[in-house]
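Trainee: From the sequence below, what's the structure:
(one chain, ligands or ions: 1)
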Amino acid sequence: MDVNTTEFSAPGKIILFGEHAVVYGYPAIATAIDLRAKSSVLDSSKQISTISIPDLFQKKQFELNQTPLPQELTALKFIVDSILRNFELKKNFDIKIASQIPSSVGLGSSAAVSVAMVASLSSFFGKSLNLEEINKLAHESEKIIHSFPSGIDTTISTYGGGIYYENGVIRELPFRISSAYVVIINSLIKRNTKDIVEKVKKKYEEKQNSIKEIFNNIHEIVIDAEKALIDENLPEIGKLMSLNHNSLKDLDVSHEVLDKIVNVLDKNGALGSKLTGAGGGGCVISLFDDFTKAKDAIKIMKEKNLQAFLSTFTTDGVRNESN
Ligand code: PMV
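Mentor: I've put the predicted structure just below:
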């Protein structure tokens, strides 16, 4: 018997410039990364539909109609229900999710899973959604876990490449720099974006003038960075990353471990490095114009028992992986 299988993958993301200030209406730039989540959907041999996420729940397979489902699965159940609502012919299926993207460190792992799952499940039922439809449904599901997601994560995961985001408006930023190597280092320090955003809000209320000054500096960095990205000026992009990291330090959202990682990378050939996302832990990103230097930096980080990944500025969005 032929087993009907569809498989789609979607990338995670990093914020290159402008985190935190973006919450106050300033612009930010983000891009897709070469770490992907994969969703496979296949005919079920049983009378029920199931989902398994070995990275999160080891060997456990959940029946989709079981209640209650673990909280982590509620957004994915929403996707299943939304898609099934459109089909009269129901058949049972097994969904398997596998992800290369570490969770809770600001790399957009849940958005990537949602996007890959929307694409694979709709395709399994014979309806290929267009990118706009995929992004919309994935964004709806993200609202279940992160009450007010900006839409940055699902948009990047769907379309790939880079984006410029300002005041809720997302536009494509078409940079694909094949000579750039981005090293992503996971400090393994988990943090909660909401708590750090709250901390900044408190500071903003207490010392508006000095915090606004930091945000204005970040704003200028973002404007210069857009130009440098379009001009493919890697030394300038690196310099602006380091400046952005210093502004985030001024905002008190860095962490001594992140600052140490940045220092080590700067001494080992990076054009510039910064924390990415909320800070307080999570990841550092570092730019190189040389593959060997980037690989060496990864080795150095791994020797320090940190996770380190290589990425580029040429990442595709959601992709059909079925063959
Ligand atoms: O935690 P992350 O990497 O998804 O990013 C948070 C970025 C902030 O600017 C700090 C918050 C936000 O909602 O934009």
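Trainee: For residue 39, which residues are in contact?
Mentor: 7, 8, 9, 95, 96, 97, 113, 116, 117, 119, 120, 121 (CB atoms under 8 Å, 6 or more residues apart in numbering). Where C-beta positions appear, they are placed from N, C-alpha and C, glycine not excepted.
Trainee: Let me know the secondary structure of it.
Mentor: Under DSSP: H, G, I helix; E, B strand; the rest coil, the three-state class of residue 39 is strand.
Trainee: Quick check: it vs the ligand, distance?
Mentor: Relative to the ligand, residue 39 is positioned 21 Å away (CB to the nearest ligand atom, to the nearest Å).
Trainee: Could I get the full set of strands for the stretch 1-150 of the chain?
Mentor: Under the criterion DSSP state E, counting those that start in this stretch, strands of the stretch 1-150 of the chain are mapped to 5-17, 28-43, 50-52, 61-63, 93-99.
Trainee: roughly how far apart are residue 215 and the ligand?
Mentor: Summarising the geometry, the distance separating residue 215 from the ligand, computed by CB to the nearest ligand atom, is 11 Å.
Trainee: Repeat that for residue 91.
Mentor: Counting by CB to the nearest ligand atom, the separation of residue 91 from the ligand is 36 Å.
Trainee: about what we covered before: tabulate the strands of the stretch 1-150 of the chain (CSV), appending mean pLDDT.
Mentor: As requested, the strands of the stretch 1-150 of the chain are exported to CSV (pLDDT from 0 to 100):
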stretch, mean pLDDT
strand 5-17, 97
strand 28-43, 97
strand 50-52, 93
strand 61-63, 88
strand 93-99, 96
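Trainee: can you list the residues of the stretch 201-323 of the chain near the ligand?
Mentor: 277, 278 (CB under 6 Å from any ligand atom).
Trainee: For the ligand, what's its nearest residue on the stretch 201-323 of the chain.
Mentor: At 2.2 Å from the ligand, residue 277 is the closest residue in the stretch 201-323 of the chain, using CB to the nearest ligand atom.
Trainee: Quick check: phi and psi on that residue?
Mentor: Here the main-chain torsion angles of residue 277 (degrees, to the nearest 10) amount to phi 90, psi -150.
Trainee: That one - how many residues pack around it?
Mentor: The number of residues packed near residue 277 is 23, by other CB atoms under 10 Å.
Trainee: show me what contacts it?
Mentor: By CB under 8 Å, 6+ apart, the contact set of residue 277 is 14, 15, 19, 105, 106, 107, 193, 283.
Trainee: what's the closest of the strands of the stretch 1-150 of the chain to residue 290?
Mentor: Closest to residue 290 of the strands of the stretch 1-150 of the chain, according to CB to CB: strand 28-43, at 17.2 Å.
Trainee: Next, the angle strand 5-17 makes with that closest one.
Mentor: Here the directions of strand 28-43 and strand 5-17 differ by 170 degrees (axes from the mean of the first three to the mean of the last three CA atoms, to 10 degrees).
Trainee: Each with direction, which strands does strand 28-43 pair with?
Mentor: For strand 28-43, sheet partners with direction are given as strand 5-17 (antiparallel), strand 93-99 (antiparallel), strand 162-166 (antiparallel), following DSSP bridges.
Trainee: how is the chain carved up into domains?
Mentor: Taking automatic domain parsing as the domain assignment, the ranges for the chain are 5-175, 181-311.
Trainee: Determine which of the ones you listed shows the lowest mean per-residue pLDDT.
Mentor: Note on the domains of the chain: lowest mean pLDDT is at domain 5-175, with a mean of 91.
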